[in-house]
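A.B. asks: Okay, here's the prediction I keep looking at, along with the sequence it came from:
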Amino acid sequence: MRNLFYLLLWLGVSASAQKATVSGTLRDSATRETMIGAGIFVPEANTGAVTNEYGFFSLTLPVGTYTLRISSVGYADLEQRLELTSDTRLDLELVQAGEQLEEVIINEKPRSDIRRAEMSTAKLSIETIKKMPVVLGEVDVLKSILLIPGVTNAGEGASGFNVRGGGADQNLILLDEATIFNSSHVFGFFSVFNPDAIKDLKLYKGGIPARFGGRASSVLDIYQKDGNANNFSMNGGIGLISSRLLAEGPIVKEKGSFLIGGRASYGHLLLKLSDIKNSAYFYDLNTKLNYRLDKNNSLYLSGYFGRDVFNLSGSFMNIYGNATLNLRWNHIFSDKLFSNLSLIYSDYYYGLDLDFVGFKYDSGIRNYNIRYDFRNYLSEKITLAFGTNAIYYEFNPGTISPLGAESGFNGQQLDLKYAFEPSVYLEADHKLTHDLTLRYGLRASAFYRLGASTEKIYAGSPVSFNPDLQIYEKAQPVGYKYFGSNKVMKAYGNLEPRFSMSYAFNSDKSVKVSYNRMTQYLQLVSNTSSPTPLDVWTPSDRYIRPQRLDQVAFGYFANFSSDRYSFEGETFYREVKNRIDYIDGADLIANDALEQVILNGEQRAYGIELLLRKNTGALTGWISYTLSKSQQRTPGRTAQEPGINNGEWYRSPYDKTHNLAVTSAYELSKKWSFGANFTLQTGQPATFPVGQYQYQDITVPSYGPRNMNSLPAYHHLDLSATWMPKPDKKKGWRSEWVFSIYNVYNRRNAASLSFSQNEESGRNEAVRFSIFGIVPGISYNFKF
């Protein structure tokens, strides 16, 4: 009898402990787009999950009856009743705002994720970005992230962006997993991302997941739309500078779709009506195909192609741009194991035709990338992410060709460079308790500088120091060594640990901490504060060592007033080893021996970031403020060498002590909405002359320590108004007008200061160069 009792007790315990898994894919009901980062919450178990980059989720629960609450910003909340008795596949759809019935409540609260072990991230919806006022009414994805704490750039018309005092080259920018090496059109005035083609955007400033690597500052992860698998539709816009058009529709209804979008500027066409022979324009093309083979297998093919053309009367022509192609296979092995295999091609080309001197210069970088990522939902407490990645690089530092039959130049090919970068990673999301969540992982990366190539041999360092003149000079090679095809010239290996932790005091407040190490094997050779198309990427080798970042961050996160407001406060400290610097007078263009002008230094940055967001109501927006310091140092290699700036720390070119941004959107009515942005930043670091002396009747300025000075403070106020004539129209031709004013009070922000002697007064003076004053804009957007 006693044995029977124990048997029944054991069976009861076993039954109560029996668990099952519910998994599936979440999609938009109107377009069948997979939804990234949507929340699934189970109140009975007080647990939940978030959809991955392909809309997949998995939850393991004790068998029983549950209510699944699915939510995503801009969509109607969905409640799904579930009788969970065994492993269940449950594919779900959410209804967009504007498509729902009147009584359905729409989720408008982008609340801070309190319990997730993720910090130092920012996610912006395309709808939010499109409401922001911008230059000439051209919606710009990159300019929108400048309103996030810790993100700045070099000013108006500058390309790229800087994160937590890092360089623009230290940001990994991905479009459908393919690397974008130059993210700007027209030398920084516009970004390469067509907003109509973008589905999701997420910026990682710290606590970076182990699946990412290769850069020493941040990751900007952007995904294109899949295309509407239900119905054919088109949308576009006409602006003062450019126009765009995007078409999408089903290949096989509810199983496959296509997307193709084009954008082009036409300001150069107006110049042709005048006597001006110069022109500058850009164009780009976004494409995507996807097909669902069955419930467990999907194929995606996506691509991007963009070009900028700058022509000065035919005597000078500059062409540059990116091209990418990605073939992906999603496979669901089981309700707990998801995988994605990607074959990726990425290319950046830069060309220069100098007709007035008779030669042509071409350079670029391309890579071939294969990556295989897995996500294993082991239990309701542990999720594993693991995978491998291998990238093969081809670098062309420069091909110089004669231009025209009368050119006096002989052709020259700078030494081509090759490299291979493999990596593996393993990472766990671990819910230790209801309030304590960890994310910990390790990335192991390697880098091989490969032949065929010739390496210069030096008696000592490629950079020598002249003690008499107290300057650094190029050392002359004493020999050469040839490496055959795919022979290893130099190898590096690094372990990159990642760790994040979240402790929740309750459902509305938490503290988080993170640490990550990142290694960057590619270097952008540039001596400007903002990247230019002329900059050249080069691999690490025997003389140029990879950069290595170590960063820690601590933060406090809170939602209050029933999620109407959210607050995020973070402090960070980051160090970068082997940050390259240049000797005085370094020539970087078409240089076949860059190691002769480069010194390895270090960089550090630290600061506080604050973000207060209003999430609901007619008026929404946020206020962000960053107080930070970014410094760089290149000490002498010996006691006799002064290094750069006498070996002392100096402000890096990306140092912005104060950075304040205010952005808001106001819905006056269904027809009218308004937006406003205000930005205030410390001026860009600069080095001004502190005196002068005469030498043979020539006035020579003398300068103080590097970057000791600043340009004047940078600030502007921007406004926009959007008018939708027929807001209740759901089908057919729908349109809106967007009116904007950039820099309302006509602030002449300094892009640079030049110093010269006034010819009339004879006095020295500083001349400010500004790019924009007040700039009105108008655009017309439509869809059907």
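C.D. replies: Ah, there it is. Given the structure is predicted, the values throughout are model-derived calculations rather than measurements.

A.B. asks: The residue nearest the centre of the chain and Lys143, how far apart?
C.D. replies: Geometric centre of the chain, nearest residue: Leu220, 2.5 Å, by Cα atoms, centre = their mean. Distance from Leu220 to Lys143, counting by Cβ to Cβ, to the nearest Å: 13 Å. Backbone N, C-alpha and C define where each C-beta goes, glycine included.

A.B. asks: ditto for Phe505
C.D. replies: Distance of Phe505 to Lys143, computed by Cβ to Cβ: 36 Å.

A.B. asks: Repeat that for Lys131.
C.D. replies: To Lys143, Lys131 is 13 Å away according to Cβ to Cβ.

A.B. asks: Make sure Val597 is actually in contact with Asp587.
C.D. replies: Yes - with contact defined as Cβ atoms under 8 Å, Val597 counts as touching Asp587 (6.9 Å).

A.B. asks: Compare neighbour counts for these two and give me the winner.
C.D. replies: When neighbours are counted by other Cβ atoms under 10 Å, Val597 comes out ahead of the other of Val597 and Asp587, with 23 against 12.

A.B. asks: Report the buried residues of stretch 296-303.
C.D. replies: Neighbour counts over stretch 296-303 (16 or more other Cβ atoms under 10 Å) mark 298, 300-303 as buried.

A.B. asks: Would you tell me what helix or strand the nearest residue to Tyr204 once chain neighbours are set aside is located in?
C.D. replies: What sits nearest to Tyr204 in space, not counting adjacent residues and going by Cβ to Cβ, 6 or more residues apart in numbering, is Val219, at 4.3 Å. Element membership for Val219 (DSSP states H and E) is strand 218-224.

A.B. asks: ok, the residue nearest to Tyr204 - contacts?
C.D. replies: By Cβ atoms under 8 Å, 6 or more residues apart in numbering, the contact set of Val219 is 171-172, 174, 203-204, 208, 212.

A.B. asks: what does Gln224 give?
C.D. replies: Gln224 makes contacts with 175-176, 197-199, 259, 286, 288, 302, as judged by Cβ under 8 Å, 6+ apart.

A.B. asks: can you tell me how far it sits from Leu124?
C.D. replies: 15 Å.

A.B. asks: in the helix or strand encompassing Ala558, what's buried?
C.D. replies: Using DSSP H and E, Ala558 sits within strand 547-560. Residues of strand 547-560 classed as buried: 547-553, 555, 557-559 (neighbour count, 16+ other Cβ under 10 Å).

A.B. asks: contacting residues around Lys456?
C.D. replies: 462, 477, 479-480, 593, 595.

A.B. asks: I'd assumed Tyr742 was in contact with Val775.
C.D. replies: Yes - the criterion here is Cβ under 8 Å, and Val775 meets it with Tyr742 at 4.1 Å.

A.B. asks: Common neighbours of these two, please.
C.D. replies: 135-136.

A.B. asks: Strands along the stretch 551-700 of the chain, start to end?
C.D. replies: Using DSSP state E, counting those that start in this stretch, the strands of the stretch 551-700 of the chain run over residues 565-582, 598-614, 619-633, 650-651, 658-667, 672-681, 685-686, 689-695, 698-703.

A.B. asks: can you tell which of those strands is closest to Ser233?
C.D. replies: strand 672-681 (22.4 Å; Cβ to Cβ).

A.B. asks: May I ask which helix or strand encompasses the nearest residue to Leu403 once chain neighbours are set aside?
C.D. replies: Closest residue to Leu403 apart from its sequence neighbours, by Cβ to Cβ, 6+ apart: Lys360 at 4.6 Å. Remark: Lys360 resides in strand 359-377, with elements defined by DSSP H and E.

A.B. asks: helices or strands up against that strand?
C.D. replies: Here strand 359-377 touches strand 56-62, strand 178-179, strand 337-354, strand 382-402, going by 3 or more Cβ pairs under 8 Å, 6 or more residues apart in numbering; DSSP states H and E.

A.B. asks: what angle separates the longest one from strand 359-377?
C.D. replies: So that's strand 382-402. 170 degrees (axes from the mean of the first three to the mean of the last three Cα atoms, to 10 degrees).

A.B. asks: and strand 382-402, which strands flank it?
C.D. replies: Partners of strand 382-402 in the sheet, by DSSP bridges, are strand 359-377 (antiparallel), strand 412-413 (antiparallel), strand 417-431 (antiparallel).

A.B. asks: and stretch 325-341, how far from the chain's centre?
C.D. replies: On the basis of Cα atoms, centre = their mean, to the nearest Å, stretch 325-341 sits 24 Å off its chain's mean C-alpha point.

A.B. asks: now what about that stretch, what contacts it?
C.D. replies: The contact list for stretch 325-341, computed with Cβ under 8 Å, 6+ apart, reads 21-23, 52-54, 56, 58, 60, 87-89, 176-178, 295-303, 342-345, 370-378.

A.B. asks: ok, Glu83 - contacts?
C.D. replies: By Cβ under 8 Å, 6+ apart, the residues touching Glu83 are Thr65.

A.B. asks: err, Phe356, not the other one
C.D. replies: By Cβ under 8 Å, 6+ apart, Phe356 lies in contact with 315-316.

A.B. asks: After the helix or strand that contains Gly249, which helix or strand is next? Please name it.
C.D. replies: For Gly249, the host element (DSSP H and E) is strand 242-252. Remark: after strand 242-252, the chain's next helix or strand is strand 256-265, criterion DSSP H and E.

A.B. asks: which parts of that next one are buried?
C.D. replies: Quick answer for strand 256-265 (16+ other Cβ under 10 Å): 256-263, 265.

A.B. asks: do stretch 742-751 as well
C.D. replies: Neighbour-count burial for stretch 742-751 [16+ other Cβ under 10 Å]: 742-744, 747, 749-751.
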